[in-house]
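In: Fold the following for me, if possible:
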Amino acid sequence: MGHGSSKEENGAAESQSKGSRRSRLKQRLHLHRRRRSRSNSPSHGKRLNAENFAGIGLLTLVRAEMKFKDKWLACVSFGEQTFRTNISDQTDKPVWNSEKKLLLEKNGPHVARISIYETNKMSRNNLIGYCEIDLLEFLTRDSDSNSNSEILDLLDPSTSDKIVGKIYVSCSVEDPIETEKSFARRILSIVDYNEDGKLSFSEFSDLINAFGNQVAANKKEEMFKAADKNGDGVVSMDELAALLAIQQEKEPLMNCCPVCGETLEVSDKLNYMIHLTLCFDEGTGKQVMTGGFLTDKQASYGWMFKLSEWAHVSSYDVGLNSGSSAHHIVVFDRRTKRLVEELIDEKIVLSMRAIYQSKLGLGLLDTGAKDILQSLSEKQGKKMNSVESAKDIPKFVEFFKDQINLAEVKHPLEHFKTFNEFFVRELKPGARPIAYMERDDVAISAADSRLMAFKSIDESLRFWIKGRKFSIQGLLGKDQCSNAFINGTLVIFRLAPQDYHRFHFPVSGTIQQFVHIPGCLYTVNPIAVNSKYCNVFTENKRVVSIISTAEFGKVAFVAIGATMVGSITFSKKEGDHVKKGEEFGYFSFGGSTVICVFEKDAIEIDEDLLANSARSLETLVTVGMKLGVSKKLANIGLPNIEKCVLQD
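Out: Numbers count the residues shown, from 1 in each chain. Reported below is the predicted structural model:
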């Protein structure tokens, strides 16, 4: 099969080996397809234009130095994809030399999170440290800089003030021409059966036939002779790679990706090259990270979770299913443009699904469970206000250690005498910058939360709220619901237990009135919101406040109680003139929700928030992030959203 026997092969021998060669080639290509089966498409289902293309970065995790001794693995999360390394055999100095190619867009994700996990757990590995790297900034440094390598501090997940180790990384950008040649070399290596770096005509013929391009198949002898400069019947890999790169310019050989099978538009050279480069990223001689994961937590799970996933006990998905039928809630982090997993106790998930996603559960709610929820919430509220409850604070922080940043908290943990004092904790001044502070025509996020935004009530019912009786009138009450609100814009801010639980004004204006509406204390988790059996937002206890503004007309601000939320406390009163970003109040223990209803055609919500919501995907936001702009003044124009969305 190698070049030494290529010229001696007779017709009979070649005919006998032809079938086995083709079957081996198909097996190799099929293996690559299986490896890619769970990965996201490299093109993410969208076309990239040249103006938004920033390059293809090659990120390499070289090694790490830890302050703990154990076996480790690393995960890299970027956009809606996550990759993981193999487990390092070393302990205090894990060595990986693992690499991954990532598509960089000027207006797309550019912050990669590297998470380090210890692997001494059977079912769930333990997050030890993390760091974030801005690849766009890293790759646009001056060419005079010393190298493409960097040493990054690994931070403690519970506080960014503590360093637990260091990680050595390198990053570079491939030249587009070299990328094409490199890809061709990798493809051709599949049919170099004896791995000597040269191909016979029969091997080359197998490769062209595998591409499925009949026009190219009819010209393969002509192309082979063009590459065989000395006429010895074999050509080097580099010679063939160069020939194929030129051929791709004239008449592309591949109409579909030989790795994933996706049909490619060969006239779109940029996306063609991007797809092939990202899809076939193996064969470099270094360990390539395993893909196909949504979040770093999913990638880090051990064999017990994988078994449960295989048995359909546990599952991951993006969008509505992640909140109703699936076991995990996945949301989109607006700051990092990355998917993250919301932590929630597994037993609570199962119990909520049993209650809110079944007719039997609905029957329980109708036969006294509502009163039980009320009683439990009141008792839990009293417990969380007791001195004894303070002992639960460290356990709570440890459970949510990568989602609660103690460095932002105004007071140290010792300051809090009860759990509820910690739960309603204040943040340090400046921890939540307010976007366009001097512009009252720009609305902001009212809470650290998972946000859903809809132009109209109909869209919210189509993509998110499944309760059969939900309406704006039911939410606000008949007296507060003007005609302008009925077809208005709806923004839902869902707070999870680990969030900062003080809510702020999204707009500037005057508080016109408060209306207290009694009700139940259902959970505000998507499992209940997505249930067709109950109407969380219109049946729960809530307080409706109407804010009168010059830029948005009237804005209804609805603070909704939920399971384990003992009270809603306001720091303002009727008649107060307020500025956007000012604190409005806080929820006591438990997760809860704020809903803002804007009058029809009053606000233009940011497009990224609407796009995620249309996918039934919540967006993780913080207080002060830009929400939208008044339609009255929308034509003025605003600077790039990135400048305010990514404020930290």
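
In: Would you mind measuring from the closest residue to residue 329 other than its chain neighbours to residue 618?
Out: Leaving aside its sequence neighbours, residue 329 sits nearest to residue 342 (CB to CB, 6 or more residues apart in numbering; 4.1 Å). (C-beta placed from N, C-alpha, C; glycine too.) Distance, residue 342 to residue 618, using CB to CB, to the nearest Å: 9 Å.

In: Between these two, which contacts overlap?
Out: Here residue 342 and residue 618 have 329, 331, 450 as joint contacts, going by CB atoms under 8 Å, 6 or more residues apart in numbering.

In: one step back: who has more neighbours out of residue 342 and residue 618?
Out: residue 618 (27 against 23; other CB atoms under 10 Å).

In: Double-check that one against residue 612; I have them as touching.
Out: Yes - at 7.3 Å, residue 618 and residue 612 qualify as touching, with contact defined as CB atoms under 8 Å.

In: what do the two both touch?
Out: residue 332.

In: Same list (the shared contacts of residue 342 and residue 618) but as a markdown table, adding neighbour count, secondary structure and pLDDT.
Out: Listed next are the shared contacts of residue 342 and residue 618 as a markdown table, based on neighbours: other CB atoms under 10 Å; DSSP: H, G, I helix; E, B strand; the rest coil; pLDDT from 0 to 100:
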| residue | neighbour count | secondary structure | pLDDT |
| --- | --- | --- | --- |
| 329 | 22 | strand | 81 |
| 331 | 26 | strand | 91 |
| 450 | 24 | strand | 93 |
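
In: where does the stretch 301-450 of the chain have low pLDDT?
Out: For the stretch 301-450 of the chain, residues meeting the criterion pLDDT under 70 lie at 302-327, 344-382.

In: hey, where'd the helices end up in it?
Out: Under the criterion DSSP state H, counting those that start in this stretch, helices of the stretch 301-450 of the chain are mapped to 303-310, 346-356, 359-364, 370-384, 392-399, 419-423.

In: The helix or strand hosting residue 133 packs against which elements?
Out: According to DSSP states H and E, residue 133 maps onto strand 126-134. Packed against strand 126-134 by the contact rule (3 or more CB pairs under 8 Å, 6 or more residues apart in numbering; DSSP states H and E) you find strand 111-118, strand 149-156, strand 159-173.

In: which residue packs closest to residue 419, ignoring adjacent ones?
Out: In space, and not counting its chain neighbours, residue 419 is closest to residue 389: 3.7 Å by CB to CB, 6+ apart.

In: whoops, residue 605 was the one
Out: In this structure, residue 605 finds its nearest non-sequential neighbour in residue 628, 4.2 Å apart by CB to CB, 6+ apart.

In: how far away is the one you found from residue 458?
Out: Computed as CB to CB, the residue 628 to residue 458 distance reads 19 Å.

In: out of the two, which sits in the busier spot?
Out: Higher neighbour count among residue 628 and residue 458: residue 628, with 24 against 11, using other CB under 10 Å.

In: How about the secondary structure of the more buried one?
Out: Three-state call for residue 628 (DSSP: H, G, I helix; E, B strand; the rest coil): strand.

In: I'd say it and residue 607 touch.
Out: No - counting by CB under 8 Å, residue 628 stays clear of residue 607, with 9.5 Å between them.

In: Helix, strand or coil: sort out the closest residue to residue 502 other than its chain neighbours for me.
Out: Among residues not flanking residue 502 along the chain, residue 586 sits closest, at 4.3 Å (CB to CB, 6+ apart). Judged by three-state DSSP, the three-state class of residue 586 is strand.

In: Just to check, residue 236 is in contact with residue 196?
Out: No - Residue 236 is not in contact with residue 196 according to CB under 8 Å; the separation is 9.7 Å.

In: For the stretch 501-648 of the chain, just list every one of the helices.
Out: Going by DSSP H, counting those that start in this stretch, the stretch 501-648 of the chain shows helices at 526-529, 536-539, 607-614, 642-645.

In: Give me the angle between the helix or strand where residue 55 lies and strand 159-173.
Out: Following DSSP H and E, one finds residue 55 within strand 53-66. Orientation of strand 53-66 against strand 159-173 (axes from the mean of the first three to the mean of the last three CA atoms, to 10 degrees) gives an angle of 130 degrees.

In: Rounded mean pLDDT for whichever helix or strand comes after strand 53-66, please.
Out: Per DSSP H and E, the first helix or strand lying C-terminal to strand 53-66 is strand 72-78. Averaging pLDDT along strand 72-78 gives 91.

In: in its sheet, what does strand 72-78 sit against?
Out: strand 81-84 (antiparallel), strand 111-118 (antiparallel) (DSSP bridges).

In: Next, the angle strand 126-134 makes with it.
Out: Orientation check (the same axes, to 10 degrees): strand 72-78 against strand 126-134 gives 40 degrees.

In: quick one: strand 72-78 to strand 149-156, angle?
Out: 100 degrees.

In: Any regions of the stretch 451-600 of the chain where pLDDT drops low?
Out: In the stretch 451-600 of the chain (pLDDT under 70), the answer is 466-468, 521-534, 562-566, 590-591.

In: Where do the strands of it begin and end?
Out: Here the stretch 451-600 of the chain has its strands, by DSSP state E, counting those that start in this stretch, at 489-495, 502-504, 509-517, 542-548, 554-560, 568-570, 577-578, 583-587, 592-598.

In: Give me the distance between the residue nearest to residue 392 when sequence neighbours are not counted and residue 616.
Out: Among residues not flanking residue 392 along the chain, residue 419 sits closest, at 5.2 Å (CB to CB, 6+ apart). Computed as CB to CB, the residue 419 to residue 616 distance reads 33 Å.

In: Quote the end-to-end distance of stretch 429-443.
Out: 20 Å (CA to CA, to the nearest Å).

In: wait, stretch 255-270
Out: End-to-end distance for stretch 255-270, by CA to CA: 14 Å.

In: tell me the mean pLDDT for it?
Out: Mean predicted lDDT for stretch 255-270 stands at 72.

In: contacting residues for residue 385?
Out: By CB under 8 Å, 6+ apart, residue 385 lies in contact with 418-420.

In: Residue 451 too?
Out: By CB under 8 Å, 6+ apart, the contact list for residue 451 reads 445, 491-494, 609, 618-621.

In: what ranges do the strands span in the stretch 151-300 of the chain?
Out: With strands called from DSSP E, counting those that start in this stretch, the stretch 151-300 of the chain shows them at 159-173, 198-200, 234-236, 287-288, 290-293.

In: Quickly run through the sheet partners of the first one, with directions.
Out: The one in question is strand 159-173. Strand 159-173 has its sheet partners listed here by DSSP bridges as strand 53-66 (antiparallel), strand 149-156 (antiparallel).

In: The third one now?
Out: Partner strands for strand 234-236, per DSSP bridges, with pairing direction: strand 198-200 (antiparallel).

In: Need the mean per-residue confidence for the strand it pairs with.
Out: The average pLDDT within strand 198-200 is 80.

In: Pull out the buried residues from the strand holding residue 55.
Out: 53-61, 63-64, 66 (16 or more other CB atoms under 10 Å).

In: quick one on the thing from earlier: wait, doesn't the residue nearest to residue 392 sit right on residue 395?
Out: No - judged on CB under 8 Å, residue 419 makes no contact with residue 395 at a distance of 10.1 Å.

In: Of those two, give the one with the bigger neighbour count.
Out: residue 419 (22 against 9).

In: circling back: from the buried residues of strand 53-66, which two are the most distant?
Out: Taking CB to CB as the measure, those span a maximum distance of 36.6 Å, between 53 and 66.

In: re the thing from before, and the buried residues of strand 53-66 as a markdown table, adding pLDDT?
Out: Shown next, in a markdown table, are the buried residues of strand 53-66 (pLDDT from 0 to 100):
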| residue | pLDDT |
| --- | --- |
| 53 | 82 |
| 54 | 81 |
| 55 | 81 |
| 56 | 83 |
| 57 | 84 |
| 58 | 85 |
| 59 | 89 |
| 60 | 90 |
| 61 | 92 |
| 63 | 87 |
| 64 | 88 |
| 66 | 80 |
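
In: I appreciate the help and will end here.
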